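I would like to see how this sequence folds:
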Amino acid sequence: MACIHRFERPLGPGQLVSWIGVYKEGFPSREAVAAFAEAQIVSYQVQGYSEEEGYWWFREASGSRTTILAVYSDGQNLVIG
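Here you go, the predicted structure:
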């Protein structure tokens with residue numbers, strides 16, 4: 001099983017990322033998560049996928065915060081702090 005965790009970060013260099021919580025859970029695979037995440041961000045003007053880090057991100061064009069959606073599978077540890 002896999003789930004999506006949601007994080008937010010203010011725009012600008014050196015800004016800290018804040019964990020918001022579990023966005024959605026219960027996906028049978030990482031592929032199912034990818035399809036869901038891509039469908040969620042498509043409506044935002046500013047959005048993308050970080051191939052290097054493996055997460056989706058989006059924000060409103062005039063927004064001051066970026067939202068990050070990261071996938072975690074069963075057995076993965078989420079370290080915050």
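
And the pLDDT for the residue nearest the centre of the chain?
Closest residue to the average C-alpha location of the chain: Leu69 at 0.8 Å, with CA atoms, centre = their mean. You'll see Leu69 listed with a pLDDT of 90.

what do you get for the one 3 residues further on?
Tyr72 carries a pLDDT value of 78.

What strand or helix carries it?
Assigned by DSSP states H and E, Tyr72 belongs to strand 65-73.

show me the contacts for Val33.
2-4, 27, 71 (CB atoms under 8 Å, 6 or more residues apart in numbering). Any C-beta I mention is one placed from the backbone N, CA and C, and that applies to glycine too.

Of the residues you listed, which belong to strands?
2-4, 27, 71 (DSSP state E).

list the contacts for the residue nearest to the centre of the chain?
Neighbouring residues of Leu69 by CB under 8 Å, 6+ apart: 4-7, 23, 37, 40-41, 55-58.
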